[in-house]
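Visitor: one predicted model, sequence on top.
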Amino acid sequence: MKQIFVVILALLVSVNVLAQKKSKDFNMQFNHVALSVSDLEASVNFYTSVLKLNEITNRTEKDGIRWLSLSQGKELHLISVLSGDITLNKAVHFALSTPHFDTFIDNLNEHDIKYSSWAGEDQKITIRADGVKQVYVQDPDGYWIEVNSAN
């Protein structure tokens, strides 16, 4: 009986070890987004005054790079040390959510920032089928940013 138990235990351990080796789950999590920018000061000003992001320490300590917090340990890196053309369209964007969507729209209007619906209608808000409101704005380099009310 002991031998059968030992054999079954050995088989279970082997199967578990093999399963762990085959399933290499890296548990990926979003860390940061980096954008190439032409005017670092203008971009930092846009993200801090219009989107109200806080600047954090640039741990690379390299000139021409600034970091901003997207909260919960997520970051936005603005990089002005590389040059070259970038072609963008609205499908290439990142999205931010706020529970204060209407206040955010007021802030865009106060800063005379153009925004649009997904369809491209100026100063219009898209309301998705799930009830989430969303608008699209562009930063000084033309990057598209979706801001929505999902939370």
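Guide: Looks like it came in fine.

Visitor: name the residues that touch the helix or strand where T103 lies?
Guide: Per DSSP states H and E, T103 falls inside helix 101-110. For helix 101-110, the surrounding residues in contact (Cβ atoms under 8 Å, 6 or more residues apart in numbering) are 50, 52, 98, 115, 125, 133, 135, 137, 147-149. Glycine gets a C-beta too; all of them are placed from N, C-alpha and C.

Visitor: buried set for it?
Guide: For helix 101-110, a neighbour-count test (16 or more other Cβ atoms under 10 Å) marks 101, 104-105, 108 as buried.

Visitor: farthest-apart pair in the contacts of helix 101-110, please.
Guide: Largest separation among the contacts of helix 101-110 by Cβ to Cβ: K52 and I125, giving 18.9 Å.

Visitor: before we move on, back to that, would you list the buried residues of helix 101-110 in a markdown table and tack on distance to F94 and pLDDT?
Guide: Below are the buried residues of helix 101-110 laid out as a markdown table (distance: Cβ to Cβ, whole Å; pLDDT from 0 to 100):
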| residue | distance to F94 | pLDDT |
| --- | --- | --- |
| F101 | 17 | 95 |
| F104 | 16 | 95 |
| I105 | 19 | 96 |
| L108 | 17 | 96 |
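
Visitor: look at L70 and say how many residues are nearby.
Guide: The local packing of L70 (other Cβ atoms under 10 Å) involves 19 other residues.

Visitor: backbone phi and psi for the nearest residue to it once chain neighbours are set aside, please?
Guide: In space, and not counting its chain neighbours, L70 is closest to L76: 5.6 Å by Cβ to Cβ, 6 or more residues apart in numbering. Main-chain torsions, L76, degrees, to the nearest 10: phi -120, psi 120.
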